[in-house]
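Novice: coordinates only, sequence not included:
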C-alpha cells in the first residue's frame, strides 16, 4: 500500500449511511432490467485526468502535489500502484489509459516503446490481483510537440509514420491487457488556419490511417471494438471528427462504417452545439453507438471543462438512449472527468468519482424505469402511427407526380396535431 | 412604372463618383481571371426578404409599409412589378424565390397551385423584357402551420404528401422559368425535443423524399442542379441538415452524393460553429460546392440575422474558395439578406444591395489577385511537399506493423516545422 | 364558463395519484421553513405567452387556434374569462400582464387608454371572485412599430413622451388592481448598430425616464416595488440592461439603487453568459433581488426560448439563493414560459404550468432542506474563516507598503487549500 | 547582439517594397489628424506572450525552443537582451510586462523581490540606449498555485497580503521605469463554483484592495493611470471584472470611478458577448477609456485565442471610437497577442508584430479619414436632432402625469423613421 489515500475506506453501498465515502445509489449488484447495475454502467477511471494531469490550465501551472510526478520509471510504477489502489477503493470494473499517461517518454521511438512494454507488464501483474479490467487503451498523439500540426493528418509524412507506429504499439498493449475497445481521439487532427491547410489531402491521410488500424485489428485478432471519439474544436480551431454526423460521413467515405463505432463525450457534444442525448440517439440510429465519456461541460464556459457529472436528469437522458439501444456491449461509462484544479486533496479524487458514480446510478435507474414503464415509447410510436398504414409506406417509394395528383385530386389538407412536449417532459419528471 | 422607388436612378459603375446610388467597385464588365465580373459573381436578389418580409421579429410586428402587402393576386402582381423594377435598377442578373413569396395561398392545394401558375406566367412575361433570370426556385415548407412538425420528416404522412406535391409544382415552375438550380432548405426538418422524435424514421423519410426529387428532375429533364442548404438550428432546436459534413453523410447514406450539391450560407456556417470559408472549402473538397447565400450573421447574436455583407476581408475568404474550386457553374451569389427592420425607406432596399454588391466585388477581385499571384498556393503546396515523394505515398497503403518496424529501426524522429500562420495572414492582407 | 378547457378538473395535490391533471409535489399548504409553500413560491401566470402569443416564430406564423384571437373588446374579455378560468384550475395566487396583452390597441393614445381602463375594470370584477392577485403589471414598449428604435432611449422625443405616458397608465392600472410590483423590461432599449447610436444620450434618457417612474410611484403612493428586468440581447443586438451587474451600475449612476430592484429571468441570465444562480446571488449581494421569471432556455439555442422549467436541480439552485436571501417579499415566481408552438391543445397549456409548478416545488423543498441542514453554509464560512481574525480584517484598511513590509519580514508564504468543489457537489446531490 | 533574429533587418516604412520585413502602411512620422501616427497608435510589445510563453496549450506542452527558457537570472537577462533587440527591429515605442515574465521566482517573497529589482535595474540600463519606453507594468497574480483561488478575493487573507505586497513591488518597478500606466487584470478574481463562494465578501476584499492601490499611487507620486482590464471568464468560470459595464458598477460602488480607467481587450469583449467597439464606446461614454489590448479572438473558439489582429475593418471600428474620444493620453495599443503555437521561428515573431502594426495603421488612418469627413457624425447627430429642441430637453425633467396629459391632449402619435443602417455601413466602407 502506498498510503496515498490515508485511511479512506473501500467504498460500499450504504443507502442510508452518513459517510461521504460510500455510495448511496450505486449498488453494483442491484438488478435493473435483468442485469446487474455494474454490468450496465461499466464504469471506468481515466488514467490521464486522475493521475497524469497536474492541475494546470492556460493561465497557471501545476497545483497538485503528487509523489509520482516526474519522468522516471519508478514514478510511473508508483503512479500505477496508487491508481490500482483507487480502482480498488472505488470498486470500479474498468480503467482507460493513453500510452503517455503511463510510461516515461524515451529519447527514441524504440526506448519509448520499451518503456511502454515495461509498464504493460507491470499493469498485467497488478491486474492479476485486481477486479479492474481495461475498457480501452489509446495513443496520445497530441501532447508532444512533434504532433503540433496533427498526427495522421500532419503535412510531414514522418509524423504520420511515427503516429502509425505508435498506434501499433498501443493496440498491442491494449490487446495484451485484454482491453475491450481501442479508441482514437484525433486531438490535433484538424487545423488552426485554412490558409496553410489542404483539407482534401488531410482527409485522405486520415482515411488511409484508419483503414490500417482496422486491418491491424483483424491481423492480430483483437476482439474489441475500434472507436472514434468526436470533438469539434480544442485544441485545434477546427477538428475533423467534429461530431457524430461528421464521423459517420467520414466512415462512409472510406467504407469503414461497419468496422468502427463511436466513443461519445458529453462535453464534446456541447461544444459541437448538440445535447449529449442527441449525439447518442443519432449514433444509435446509425448503428454506431459504442461507448461514452461521462464528463460534463460547464454551460457558461466555451472550452472543454471535463467536470464530473452532477446532474441526474442530464445523465438520465443519456442512459435512456443507451438502454433503448440495448445497452453497452464492449463499451462502458468512462469518467473522462478531472478534478477542479483547486481540489488538491487525495479525498477529492475519491469523492469526485464516488459522487459521479451515484449520479450515474440514479440516472440509469430512472431511465430504466421509464423505459420499462413504456409510456414514452408508446406515445412516440403513436405520433408516427400514420406511417404504419400500407398507403403511407407506399409514399416512400412513390414519385412526385403521382403524389401531386393524389393531393390535388383528393383534396388532402393535413391538420396539425399537438407535439405534446410539455406532457412528455412531465412524464419524464415522474421518473427522474 | 410603379413609382415605388421614386427618382432613384439605375445604378452604374462610377468609381470616383459621389452618389450613394452607384457602384464604386462592381463593374459588371471588368475582366477578372478571364471572365466578366458579373459572370463570376452571378448576383441574385432574394424575393422573400426584399419583398415578402414585413419587418417583424419575435418581439414586434410589421414595421415596413409596402403597397403590395396583402393576400390578393393584384398585390402579388404589384409586388412582382416592384421586384423587377428593382432588379433593373440594380442590374442584377438573377433572382430567387419561394412559392409562398410570390403567390397568394389558396384554400386548397389546387387553388394554391393555380395561383402559383398565374404568377409564373406573369414572371415569364416580365422576364421577356428583363435581363434578370432565375438563379433558383424553392418551396416554402415551413411557414404554414401545417409544417410545424416538419415537411418530409413530419410524423403525419399527409404532410409528407403535401410537401412532395408542392415541391413538384415548384420544380415545374423553376423549370418553366429556366431556373439554373432548384434548392431545398429543410426549414423544419428537425426537432424541438428528442422525447417525441424518431430520428431513424425521419431520416429515412428525408432520404426517400430527396430521392424522389432527384428522380423528378431527371424525368422532366430539368438541366439545373439540385441544391441542399445546410443549417444547424433555427427555427428547430436541431435541424437535420446541420452543416456541410452532415449533409455529405446524408447524401452518402442514400447514394445521392453525385446528384445533389450544396447552397452554403455564411450565417448558417456561423451558427454551426464554422467559418464560412470552412464550409466552402469542405464542400469543394467533397465535390459538393454549388452556390452561396451571401448574408452575414452578427457575431454577437445567437440567431440568424441575415444581414447584408459588409466586410471585404470576410467575403474575400469566401470567394477565394469559390475561385480556387473553379468558380460557380450553375450557382451564384444570392443575397439572402434582409434590411434591418428599422430600415423603412425604399432607398434602404437599394442601398443595402448596392453596398453588398460592392463589398462582394472588392472581395472577389482581391481573392482573384491573390490566387493569380500564386504565392499562397505555392506555400501551401510546399508545406505538404514531403508527401509527394514515392515513399511517402506508399505509406498510405502500407500497414501498421511495417511502418512501426521502419520507425523503430531507422530511428525516425520528426522535427516540427513552423506553420507560418502570421506570415500567411500578412500575405493575405497585402491583397485584401 | 367558456368551455375552453373542456372537462379538465381543478388541479389538486395528489402525491400518489395517477392523473396528469394533478400536482405530485406542489402542496400549497405544506409548511417549509415556517411558511406555506404557496407563500414561498408565489406562482404567477404570464398573460402574454399563455393567452396573447399565437405560436409564431421568425419562420412561421400562428399555429394556435384560440377563440379570443382578434382585436375587438369582446375578444379581450373572452380572453380574460379563459385566463381566470385557468388561474382557477391551476390555483395560482398571481398573474402578470402587459397592457398590450389585455386590451385592443386604439387608434389614438386616448382610445388605447380607455380600452385599458375598460379591461382593468373587467379584471377588477373578475378578481373579486378569484383568489388570484396581480404580481406585477408592465407596459409593452416594444411590439408596436413606433418603438422599433427604443422607447425611453428613442432618438425621437415623441416616442419618449408616448412611452412615459403609457407607463403612467400602466402604473395606474397596476396600482388600481393592487399589484405587488411594477416591472420595466427595456425590450428595445438598446441598439442594432453603433454607427447610428449615441450611447451617452440614450443612457441619460433612460436615467431620466426611470427617475420619473420612481417619482410617480411615490406620488401615487404605489406600495409595490419597481423592478427592472435585465436582458443582454434580443430583440436588439445589444440591450442596455444587459445583466444584474450592468443594471447595478446604471442604478448607481442615477442614484436609484435604493429605489429599484430586479426581476431576474433564467433565460436572460444564460444569454448573458451567466448561470441563473449567479445572477440571483449577485443581486442578493447587492440588495437588489426582487422577483424571478422562471423560464429556462434551451442550452443549444442562441435565443430566448422561454420554455417551462423542467430540471429540478436547476430550479433548486435558484431557490437556494432566494431562500438564503430571505425569500420573496413583494416578488414571486412568474412563469414567463411559453408552450412550444407545436403544443396546440388546451390541455398542453394546463400541463405546461402544472409540470413547472411541480418542478419548482421539488426544487424549493430540496433547497430548503439543504439550507436547514446548514452544512453547506458552514463549509462556506469555514473557507473564509481566516478573514474573521482581527488582523485579517485590519488588512482591508491597511496600506500596500505596510503589508509589503510584513510579508517580507515575516516570510509569509501561503499554502493553497482545496476548494472542495466535488465534495460540495456531492453534498448538494444528497438533497436534490 | 544575441544573434537570435539572424539577419532580419530593422523594419522601415516601404510602401511599395517587396520585403516581408517592412511596413507597407505604418509610417511612424505620417501626420494624421495633426499628430504623428506613432503618437496615435503608441504600440507596445507584450513581454509575456512574445518572450515568456512557451507554446503550450491545455493539450500539449512547449513547442518553442528559445535559448532563454529556464529559471536562472542569466536566462532572464538574455531574454531581456532579445526583447530589446526586437523592440529595436520593430521600432516600437513601448513594451509591457508582468513581474513573472521578467524575473525568476525566488524561494521567498524577499528573494523574488530582489530578483525583480535586479531585472528592473537591467531594464533601466537597456532603456538608456533604446527608444522604447514602458507603457505599463503589472503583477502576475494568477500563474503560481498560491493564487489558484484568487488574489485580492482569496478566502485566505495571507494570499491577499501576498498579493498586495506584490503589487506594491510592481508599482515601484513601474514607477522607476517611468511607466505610463499600471494595470490590474484580475486573472483569478472570480470563482469556479458558487457553492464555495461568498460574493459579498470577495467584492469587499476587491474594493479594499483597489482602494489601497489608488492610495499607493498617490503616496509615491506615480503620475500614470491605474487601469483595470475586464474579462468575463477564463481561467475562472466567472470573473468579477466581467466587462466595462460591470467594472463601472464596481468603481461606483467603491467610489473609485474618477481614479481608475480601463484597459480593454478585443478578445475579452468577444468572450463577454460584446463587440470591441461596444466596449470602447461605452467606456468612452463613461469617461473610462484608458488603453487597449489589440488582440483578436477566433470567432469559432470559445476561449481567448489572443491572436494578432488581421482585419482592417475590425481595428478601424476600434480606432474610430478611440479617436472620437480624443485619442490615447497615457494609454496605447498593446499587442497582447501571441504567435500560434506552430509558429516556431524567430521570424514568425517579427512578422506577427509587423503585420499587426500595418493592420492597425490602416485601420486608424481609415477611421481618421471618416472622422475628419464628418458625415457619419453629422448623420448621427441628425438622428437625435429632435432632442435639441428646448421642449424635448424639458421632457427629461418633467413628470409622468404631465407628459401623459400632453400626449393624450395633443394627440401625439410618433411615426417611425428609418435607422439607415445599410446606408451608414456603405458610408463606412467608402473609408475602410
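Specialist: The structure has been received and is ready for your questions. Bear in mind that the values here come from a model prediction, so they are computed numbers and not experimental data.
Novice: residues in contact with residue A:249?
Specialist: Listed by CB atoms under 8 Å, 6 or more residues apart in numbering or on different chains, the contact set of residue A:249 reads B:245, B:246, B:248, B:249, B:250, B:252. C-betas here are computed from N, CA, C, even on glycine.
Novice: Let me know the helix or strand that the third one is in.
Specialist: Secondary structure assigned from DSSP states H and E places residue B:248 in helix B:244-253.
Novice: Which SSE is immediately downstream of that helix?
Specialist: strand B:260-265.
Novice: what about the helix or strand following that following strand and chain C, any contact?
Specialist: Using DSSP H and E, the helix or strand that follows strand B:260-265 in sequence is helix B:266-271. Yes - using CB under 8 Å from any CB of the partner chain, helix B:266-271 reaches chain C at residue B:271.
Novice: Which elements pack onto helix B:266-271?
Specialist: helix B:276-285, strand B:289-293 (3 or more CB pairs under 8 Å, 6 or more residues apart in numbering or on different chains; DSSP states H and E).
Novice: closest to residue C:68 out of those?
Specialist: Shortest distance between residue C:68 and these, using CB to CB, is found for strand B:289-293: 39.3 Å.
Novice: quick one: strands adjacent to the closest one?
Specialist: strand B:260-265 (parallel), strand B:333-335 (parallel) (DSSP bridges).
Novice: List just the one of the ones you listed that sits closest to residue D:80.
Specialist: Closest of the strands paired with strand B:289-293 to residue D:80 is strand B:260-265, at 49.9 Å (criterion: CB to CB).
Novice: how about CSV for the strands paired with strand B:289-293, with mean pLDDT and distance to residue D:122 added?
Specialist: As requested, these are arranged in CSV below (pLDDT from 0 to 100; distance: least, CB to CB, whole Å):
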stretch, mean pLDDT, distance to residue D:122
strand B:260-265, 98, 55
strand B:333-335, 98, 58
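Novice: wait, which of these is closest to residue C:296?
Specialist: Per CB to CB, nearest to residue C:296 of the strands paired with strand B:289-293: strand B:260-265, 28.9 Å.
Novice: Close to chain C: what parts of the stretch 301-432 of chain A are there?
Specialist: Residues of the stretch 301-432 of chain A lying close to chain C by CB under 8 Å from any CB are A:308, A:310-313, A:339-340, A:342-345, A:347-348, A:351-352, A:354-355, A:358-359, A:416-423, A:425-426, A:428-430, A:432.
Novice: next one: the stretch 1-150 of chain A
Specialist: Taking CB under 8 Å from any CB, the part of the stretch 1-150 of chain A that reaches chain C is made up of A:20, A:24, A:63.
Novice: go with 7 Å
Specialist: A:20, A:63 (CB under 7 Å from any CB of the partner chain).
Novice: Show me where the stretch 1-150 of chain A has its strands.
Specialist: Assigned by DSSP state E, counting those that start in this stretch, the strands in the stretch 1-150 of chain A fall at A:31-32, A:35-36, A:43-46, A:94-98, A:133-138.
Novice: Identify whichever of those strands lies nearest to chain D.
Specialist: Minimum separation from chain D across the strands of the stretch 1-150 of chain A (CB to the nearest CB) falls at strand A:94-98, 11.4 Å.
Novice: what does the closest one rub up against?
Specialist: Applying CB atoms under 7 Å, 6 or more residues apart in numbering or on different chains, the external contacts of strand A:94-98 come out as A:42-48, A:87, A:132-140, A:332, A:334.
Novice: ok, the spatially closest residue to residue A:4 that is not a sequence neighbour - how many residues close by?
Specialist: Spatial nearest neighbour of residue A:4, excluding adjacent residues (CB to CB, 6 or more residues apart in numbering or on different chains): residue A:82 at 4.8 Å. Residues near residue A:82, counting by other CB atoms under 10 Å in any protein chain shown, number 22.
Novice: distance of residue A:82 from residue A:100?
Specialist: Remark: distance between residue A:82 and residue A:100 (CB to CB, to the nearest Å) = 18 Å.
Novice: now the residue in the stretch 101-250 of chain A that chain C sits nearest to: how far from residue A:300?
Specialist: Closest to chain C within the stretch 101-250 of chain A is residue A:243: 12.1 Å, counting by CB to the nearest CB. Remark: distance between residue A:243 and residue A:300 (CB to CB) = 21 Å.
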